[in-house]
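1. Provided below are the primary sequence and the corresponding predicted coordinates.
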2 protein chains.
Amino acid sequence: MQRYFISDEDWTEREVLLKDNNAHHITRVMRMAVGEEIICNHPEGKAAICKISQMTNEIVHATIKTWLDTDAELPIQVTIAQGIPKGNKLELIIQKGTELGANGFYLFQADRSIAKWNEKNAEKRINRYEKIMKEASEQCHRNIVPSIEGAFTIEQLLDKKQAFDSVMFAYEEEAKTNNYSSLSSALKKVNKNDKILLFIGPEGGFSDREVQLLKTNDCTPVRLGKRILRTETASLYALASISYHFEELGCENE
Amino acid sequence: MQRYFISDEDWTEREVLLKDNNAHHITRVMRMAVGEEIICNHPEGKAAICKISQMTNEIVHATIKTWLDTDAELPIQVTIAQGIPKGNKLELIIQKGTELGANGFYLFQADRSIAKWNEKNAEKRINRYEKIMKEASEQCHRNIVPSIEGAFTIEQLLDKKQAFDSVMFAYEEEAKTNNYSSLSSALKKVNKNDKILLFIGPEGGFSDREVQLLKTNDCTPVRLGKRILRTETASLYALASISYHFEELGCENE
């Protein structure tokens, strides 16, 4: 069943209103008719099966039929702090990260980031990423759409660390040593419902200055397997491993 | 240090010859000089630090200095049997799968594959994927370049199953149920050095016929987390989880 994310103000007790892109998708792309059913997601994470009761090209009314108790969210809230990479790699990181359950993304201008963001292009880019996240959330049946903010400096993000239970950074030098910190030893200290912040460097990795800054701020360096991953692959590895650890292995630390 | 994969016939006891694309890369792209060092990988997986002793634009001679004992290979040999997807998704699957440690890829024409391969376009495509895998292996310091073959029918691939210790398929219906087979219960039955074959459907997943065929051939359906993944994300999730399970958690079943 097709899934739509609807802002809070478009919900009443008995009905949901679908406008703009959602209405366009229902009437023009899916060519649905009155009486057909869709799933509507509320920003708080709840979802309901709704039946289309009335429609024009601009607005679709749907009656709430059954609230669902499905939960497709990771049991850990993972925020990816991604050093801005080149080209359109962020689109891949954000689309795949949404599919793999990321709770949100912070973007930061790393010492080795080649692309430079300014206020003018940032807003346009963020809007584009929000659209990608909404589509990916609908496709993979997430209960929420992840958040995205940036671009920050690494110092600004380290100022936010109190909001997280655990802060880690993917450090490729760890992959080359025998005496490495494994991601699993870091995850074994994480409890259900914890918030994790994971820093990932851009192409070329973190600068020495950034590594020092992360270490003096008590961030844990983690190795993501034995191979050196490209920047756009690191968050996917980490999110898949976190899903595997908490959803598939059932290692639910208390 | 830059890494190159060299065919067996270009190794002598004391020296390696680098030709064609490798010679071009050393002389024109990297603009290296005599005396500089590179890492050369032998097809069997061994690697050595070599010093450039002599060069023209067509051929580079390098003297073997030290054999390395690094091993960046997964302790499990994973072959991905990928249902042919649309567009250029195979490039992503193959590049990222190489980074994440896949041992090889089989491509198959699934019931729901939209792109149709024929002998003419298959050879050209396979050549292109081999180039992508070689570059990705060099970049992420693999000891080998994965193999790739196709396109097969699913029946042809099932005929090869005796060569594997364990055959699984990613079954998205499993993600929707509470009574699912987890990837971890399948991996707990896998031993170090085992060979796994993992089937992944194209967009739209496996047909009912294919699911029946896989089940009657004793292939294990596995869930890859709670969210529905796109076809190009499924192999990345599985490879990352296998790396996490065997390299990071240290769950080395004997």
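-> Great, that's in hand. Numbers count the residues shown, from 1 in each chain, chains lettered A, B, ... in the order given.
2. Give me the secondary structure label for the residue nearest to residue A:145 when sequence neighbours are not counted.
-> Nearest residue to residue A:145, sequence neighbours excluded (C-beta to C-beta, 6 or more residues apart in numbering or on different chains): residue A:137, at 4.6 Å. In this view, the C-beta of every residue, glycine as well, is placed from N, C-alpha and C. Counting by DSSP: H, G, I helix; E, B strand; the rest coil, the backbone at residue A:137 sits in helix.
3. Over to residue A:114?
-> Residue A:114 - assigned by three-state DSSP - is coil.
4. Equivalent analysis for residue A:133, please.
-> helix.
5. contacting residues for it?
-> Residues near residue A:133 by C-beta atoms under 8 Å, 6 or more residues apart in numbering or on different chains: A:94-95, A:98, A:145-146, A:148.
6. Next: residue A:96.
-> A:235-236, B:233, B:236.
7. how close does residue A:44 get to chain B?
-> Separation of residue A:44 from chain B (C-beta to the nearest C-beta, to the nearest Å) stands at 19 Å.
8. ah, wrong one, I meant residue A:58
-> In terms of C-beta to the nearest C-beta, residue A:58 sits 30 Å off from chain B.
9. ok so, going back, in helices, which of the contacts of residue A:133 fall?
-> Judged by DSSP state H, the subset of the contacts of residue A:133 located in helices is A:94-95, A:98.
10. circling back: just put the contacts of residue A:96 in JSON lines and tack on pLDDT, neighbour count and distance to residue B:244.
-> Below are the contacts of residue A:96 laid out as JSON lines (pLDDT from 0 to 100; neighbours: other C-beta atoms under 10 Å in any protein chain shown; distance: C-beta to C-beta, whole Å):
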{"residue": "A:235", "pLDDT": "97", "neighbour count": "26", "distance to residue B:244": "14"}
{"residue": "A:236", "pLDDT": "97", "neighbour count": "27", "distance to residue B:244": "12"}
{"residue": "B:233", "pLDDT": "96", "neighbour count": "26", "distance to residue B:244": "16"}
{"residue": "B:236", "pLDDT": "97", "neighbour count": "28", "distance to residue B:244": "12"}
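11. out of these, who's nearest residue A:52?
-> residue B:233 (30.7 Å; C-beta to C-beta).
12. helix/strand/coil for that closest one?
-> In three-state terms, and counting by three-state DSSP, residue B:233 is helix.
13. quick one: contacts for it?
-> A:96, A:99-100, A:236.
14. Can you list the buried residues in stretch A:4-21?
-> Neighbour counts using 16 or more other C-beta atoms under 10 Å in any protein chain shown place A:4-6, A:11, A:16-18 of stretch A:4-21 among the buried residues.
15. residues from the stretch 101-250 of chain A in reach of chain B?
-> Contact residues (C-beta under 8 Å from any C-beta of the partner chain) of the stretch 101-250 of chain A with chain B: A:101, A:139-142, A:182-184, A:223-230, A:233, A:236-237, A:240-241, A:243-245, A:247-250.
16. Could you turn the buried ones of the residues you listed into a ChimeraX selection?
-> To isolate the buried ones among those in ChimeraX, judged by 16+ other C-beta under 10 Å, type:
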select /A:101,139,140,141,142,182,183,184,223,224,225,226,227,228,229,233,236,237,240,241,243,244,245,247,248,249
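17. Which is the succeeding secondary structure element to the lowest-mean-pLDDT helix or strand in chain A?
-> Within chain A, no helix or strand scores below helix A:172-176, which has a mean of 71 by mean pLDDT, DSSP states H and E. Counting by DSSP states H and E, the element after helix A:172-176 in chain order, helix or strand, is helix A:183-187.
18. In terms of secondary structure, what does that following helix contact?
-> The contact analysis (3 or more C-beta pairs under 8 Å, 6 or more residues apart in numbering or on different chains; DSSP states H and E) places helix A:183-187 against strand A:166-170, strand A:220-222, helix A:231-243.
19. Nearest to residue B:85, out of the ones you listed?
-> Among the helices and strands packed on helix A:183-187, the nearest to residue B:85 by C-beta to C-beta is helix A:231-243 (17.2 Å).
20. quick one: pLDDT of residue A:61?
-> As predicted, residue A:61 sits at a pLDDT of 96.
21. In which helix or strand does the residue nearest to it when sequence neighbours are not counted reside?
-> Spatial nearest neighbour of residue A:61, chain neighbours left out: residue A:54 (4.2 Å); criterion: C-beta to C-beta, 6+ apart. Per DSSP H and E, residue A:54 falls inside strand A:47-55.
22. for chain A, what spans make up the strands?
-> Secondary structure of chain A (DSSP state E): strands at A:3-5, A:15-19, A:37-41, A:47-55, A:59-68, A:77-83, A:104-108, A:147-152, A:166-170, A:195-200, A:220-222.
23. Out of those strands, which one sits most buried?
-> Per residue and on average, the most neighbours among the strands of chain A fall to strand A:77-83, with a mean of 25 (mean count of other C-beta atoms under 10 Å in any protein chain shown).
24. Against residue A:151, how distant is the residue positioned nearest the centre of chain A?
-> For chain A, the residue nearest the mean C-alpha position is residue A:102 (3.2 Å; C-alpha atoms, centre = their mean). With distances taken as C-beta to C-beta, to the nearest Å, residue A:102 is found 17 Å from residue A:151.
25. With residue A:65 instead?
-> In terms of C-beta to C-beta, residue A:65 sits 43 Å off from residue A:151.
26. Any stretches of chain A with poor pLDDT?
-> Chain A contains residues with pLDDT under 70 at A:174-180, A:250-254.
27. Which residue ranges make up each domain of it?
-> Listed domain ranges for chain A are A:3-68, A:77-248 (source: automatic domain parsing).
28. Do me a favour and get the end-to-end distance for the shortest one?
-> Domain A:3-68 stretches 12 Å from its first residue to its last (C-alpha to C-alpha, to the nearest Å).
29. now swap in the longest one and tell me
-> Separation of the first and last residues of domain A:77-248 by C-alpha to C-alpha is 16 Å.
30. Centre of the chain to that domain, how far?
-> Relative to its parent chain, domain A:77-248 has a centroid offset of 9 Å by C-alpha atoms, centre = their mean, to the nearest Å.
31. do the same with the shortest one
-> A distance of 23 Å separates the C-alpha centroid of domain A:3-68 from that of its chain, computed with C-alpha atoms, centre = their mean.
32. contacting residues for the closest residue to chain B within the stretch 1-150 of chain A?
-> Closest contact between the stretch 1-150 of chain A and chain B, by C-beta to the nearest C-beta, is at residue A:140 (4.4 Å). Shown in contact with residue A:140 (C-beta under 8 Å, 6+ apart): A:72, A:98-99, B:227-230.
33. likewise residue A:85?
-> Counted by C-beta under 8 Å, 6+ apart, residue A:85 has contacts A:93, A:113, A:115, A:202-203, A:231-232.
34. If we use 6 Å, what do you get?
-> A:202-203, A:231 (C-beta atoms under 6 Å, 6 or more residues apart in numbering or on different chains).
35. Top of these by number of neighbours, please.
-> Sorting the contacts of residue A:85 by how many neighbours each has (other C-beta atoms under 10 Å in any protein chain shown) puts residue A:231 first, at 25 neighbours.
36. Help me confirm that that one comes into contact with residue A:206.
-> No - applying C-beta atoms under 6 Å as the test, residue A:231 and residue A:206 come out as separate, 10.6 Å apart.
37. Pull the contacting residues for the closest residue to residue A:71 other than its chain neighbours.
-> Leaving aside its chain neighbours, residue A:71 sits nearest to residue A:143 (6.2 Å; criterion: C-beta to C-beta, 6+ apart). Applying C-beta under 6 Å, 6+ apart to residue A:143 gives the contacts A:45, A:72-73.
38. follow-up on the earlier one: among the buried residues of stretch A:4-21, list the two that are farthest apart in space.
-> With distances taken as C-beta to C-beta, the most widely separated pair in the buried residues of stretch A:4-21 is A:5 and A:17, at 13.1 Å.
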